[in-house]
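Trainee: Just the structure for this:
(chains A and B)
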Amino acid sequence: MNGGVHPIASLLAAVARGITGVQVQWAGCEPDEKQRIYFANHTSHLDFVVLWSALPSDLRAHTRPVAAQDYWESSALRRYVVVNVFNAVLVQRGAMAQTKTPEEARFAARALIEQMAAALGKEYSLILFPEGTRGNGEKVGEFRAGLYYLALRRPDVELVPAYLENMNRILPKGEVLPVPMLSLLTFGKPIQVEPGEEKEAFLERAREAVSSLRRIGNA
Amino acid sequence: MPQAFHDVKLLWLFGDVVVLLYVATLIGRWVKRRRRSEASRAAVDNVIARIRAWWKMCAIFVAAILLGRVGSLVLFGLISFLALREYMTLVPTRRGDHRTLFWSFFVIMPLQYCLIGFQWYGFFALMIPVLAVVFVPTSIAIAGDTASFLERSAKIQFGIMVCAYCLSYAPALLLLKIPGYEGQDARLLLYLVIVDQMSGVLQFVWDKLIGKNKIAWRVSPNKTWEGSFGGILSATALGTALWWATPFTPLQSAAISFTICVFGFCGSLVMSAIKRDIGIKDFGVAIERRGGILDRIDSLCFAAPVFFQLVRYYFVP
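Mentor: The predicted model follows:
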């Protein structure tokens, strides 16, 4: 074991790097041991593996992806890969939409934020895809509110935007076989919730922080 | 010891390359120290970067020839893969092209190199022009997305054609059975690569020295008539001087190396036009450290099939 990293995780990371030939650029910050939430655009199942593999190996052991429970729990193999291999945090996607009253919605949202805050704990960083679902790569979709509430709940954690390029062309939604195109990953300058900033304003700013890191124009 | 290394002329050819690279490296350093202006320094840096790449290529080449025909096939197969990857990364494709692209990378291209390995000339020469050309638009049609259908089919066909089919003619030289030249075909491959690469750099150097009249400034701002003629003629002279390594007479060697240079010139002009169309300067610059292979081999892709067919037509009974 390499500092708590599952050997299969290291293997999958190496495979993902090979397929995507990913080049990593730390444009707005440097790799650091402090607790962070890396939030990125989401177009492919490979996204979290590539982002995770781009971190220096000593940081990987302390970085956990956040994944959707409904998708990743639907088979034993999927569950094993994300939970046991990548030590992922499985969250219930759209928990609020399933509730009937505003109180229930608030309760469900709070439970979700508490779960992620607990997963951060004192030493972990998270990989989060605030769009909540995979897009087609043309435009970064709207962010869900979780990032805002989590940032308020844990103001000590740095919020690092990241942009993954070309992943939708390597392994798009609905395909199982990858095409080995080259991918780029850019980490931007950390952002934070400004005092008194509204939810919508912050989420739009966060989305802008991610999409401004795009380097290749093609869709 | 592999058979190739009992070939004294091959060792001489490699020796020449090493001496040439060494002299070029020294000249590069000397010129770099003397140049002051920004523009000339950039030109010298370009040549020095090429020389550095050739040292690496030379080392890989030695390793490949050490491993015999399989080594050359693996080497060129890998170059094809990386070149196609660069091309497809930068040429816009759509979601509906995904499966076609998967087939191009993992079935069509490896199959092409396997056919050379099995020495199946008939299928090797026809598989991509006859089958892949039908397969690509068909599989895009099956995917069901008709937006800019013709354009997408053409882009993928062109990529496979140039990066897989044309380039595979270089290692296919090892298939040719030239009477009195058996087991020495590695020299033919090396001859092609030397003439082609020297033509590229000599054109660049002559462009910088005496270039005035642009050929197509919109496509390639650096290419001039003077530079291109100078480069092609001096590389032809070099190719002629290397006749002893080939089955050709000096005159034949002059004609053949001239052809290599002219087709190589066409290759780099066409690839420049594609780069301008996509809106990038170099394949390498656009994707930074991992790129640049296509920039180096664009001329080889166009020269290799013609060279192969010329040799096959005139020298293989």
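Trainee: biggest strand in chain A by residues?
Mentor: Longest strand of chain A, by residue count under DSSP state E: strand A:158-165.
Trainee: Measure how far that one is from the centre of its chain, please.
Mentor: 8 Å (CA atoms, centre = their mean, to the nearest Å).
Trainee: Can you list the buried residues in that strand?
Mentor: A:158, A:159, A:160, A:161, A:162, A:163, A:164, A:165 (16 or more other CB atoms under 10 Å in any protein chain shown). Every C-beta, even on glycine, is put in place using the N, C-alpha and C of the backbone.
Trainee: Stretch A:8-26 too?
Mentor: For stretch A:8-26, by 16+ other CB under 10 Å, it's A:9, A:10, A:12, A:13, A:16, A:17, A:19, A:20, A:21, A:22, A:23, A:24.
Trainee: Just after the longest strand of chain A, pick out the following helix or strand.
Mentor: Where DSSP states H and E defines the elements, the next helix or strand beyond strand A:158-165 is helix A:167-170.
Trainee: and that following helix, what other elements does it pack with?
Mentor: helix A:7-20 (3 or more CB pairs under 8 Å, 6 or more residues apart in numbering or on different chains; DSSP states H and E).
Trainee: Return the distance of residue B:172 relative to chain A.
Mentor: 24 Å (CB to the nearest CB, to the nearest Å).
Trainee: List the contacts of that residue.
Mentor: Taking CB atoms under 8 Å, 6 or more residues apart in numbering or on different chains, we find residue B:172 in contact with B:116, B:121, B:124, B:308.
Trainee: Separate out the buried members of these.
Mentor: B:116, B:124, B:308.
Trainee: Show me what counts as buried in the helix or strand harbouring the first one.
Mentor: Assignment of secondary structure by DSSP H and E places residue B:116 within helix B:109-117. Within helix B:109-117, the residues that qualify as buried by neighbour count (16+ other CB under 10 Å) are B:109, B:111, B:112, B:113, B:115, B:116, B:117.
Trainee: got the contact list for it?
Mentor: Contacts of helix B:109-117 (CB under 8 Å, 6+ apart): B:69-70, B:73, B:76-77, B:80-81, B:84, B:123-124, B:127-128, B:160, B:163-165, B:168, B:171-172, B:174-175.
Trainee: And for the helix or strand just after that helix, what's in contact with it?
Mentor: On the C-terminal side of helix B:109-117, the closest following helix or strand by DSSP H and E is helix B:121-126. Around helix B:121-126, the neighbours that count as contacts under CB under 8 Å, 6+ apart are B:112, B:115, B:116, B:168, B:172, B:175.
Trainee: Could you find the closest non-adjacent residue to residue B:211?
Mentor: residue B:224 (3.4 Å; CB to CB, 6 or more residues apart in numbering or on different chains).
Trainee: can you list the residues of the stretch 101-250 of chain B near chain A?
Mentor: Counting by CB under 8 Å from any CB of the partner chain, the stretch 101-250 of chain B comes close to chain A at B:101, B:102, B:105, B:106.
Trainee: Please tabulate these in TSV, including the columns neighbour count, pLDDT and secondary structure.
Mentor: Listed next are these as TSV, based on neighbours: other CB atoms under 10 Å in any protein chain shown; pLDDT from 0 to 100; DSSP: H, G, I helix; E, B strand; the rest coil:
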residue	neighbour count	pLDDT	secondary structure
B:101	25	96	helix
B:102	17	95	helix
B:105	22	95	helix
B:106	15	95	helix
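Trainee: mind listing what residue A:209 touches?
Mentor: Going by CB under 8 Å, 6+ apart, the list of residues near residue A:209 reads A:161, A:188, A:189, A:191.
Trainee: Ramachandran angles for it?
Mentor: Phi and psi for residue A:209, reported as degrees, to the nearest 10, are phi -60, psi -40.
Trainee: do residue A:90 as well
Mentor: Torsion angles, degrees, to the nearest 10, at residue A:90: phi -90, psi 120.
Trainee: Okay, it and chain B: tell me how far apart.
Mentor: Applying CB to the nearest CB to residue A:90 and chain B gives a distance of 28 Å.
Trainee: Is that residue in contact with residue A:70, as I believe?
Mentor: No: contact criterion CB atoms under 8 Å: residue A:90 and residue A:70 do not qualify, at 9.2 Å.
Trainee: The two: which has the busier surroundings?
Mentor: residue A:90 (19 against 12; other CB atoms under 10 Å in any protein chain shown).
Trainee: What pLDDT does the model give the residue lying closest to the more buried one once chain neighbours are set aside?
Mentor: In space, and not counting its chain neighbours, residue A:90 is closest to residue A:69: 4.2 Å by CB to CB, 6+ apart. Residue A:69 is assigned 88 on the pLDDT scale.
Trainee: What count of nearby residues applies to residue A:69?
Mentor: Residue A:69 has 16 nearby residues by other CB under 10 Å.
Trainee: Likewise for residue A:119?
Mentor: 16.
Trainee: for it, what are its contacts?
Mentor: A:64, A:66, A:89, A:126.
Trainee: And residue B:103, by the same measure?
Mentor: For residue B:103, counting by CB under 8 Å, 6+ apart, the contacting residues are B:135, B:139.
Trainee: now do residue A:141
Mentor: Contacts of residue A:141 (CB under 8 Å, 6+ apart): A:131, A:133, A:135.
Trainee: which SS state does the closest residue in space to the last one that isn't next to it in sequence fall under?
Mentor: Spelled out, it's residue A:135. In space, and not counting its chain neighbours, residue A:135 is closest to residue A:141: 4.9 Å by CB to CB, 6+ apart. Here residue A:141 is coil, with the state taken from DSSP: H, G, I helix; E, B strand; the rest coil.
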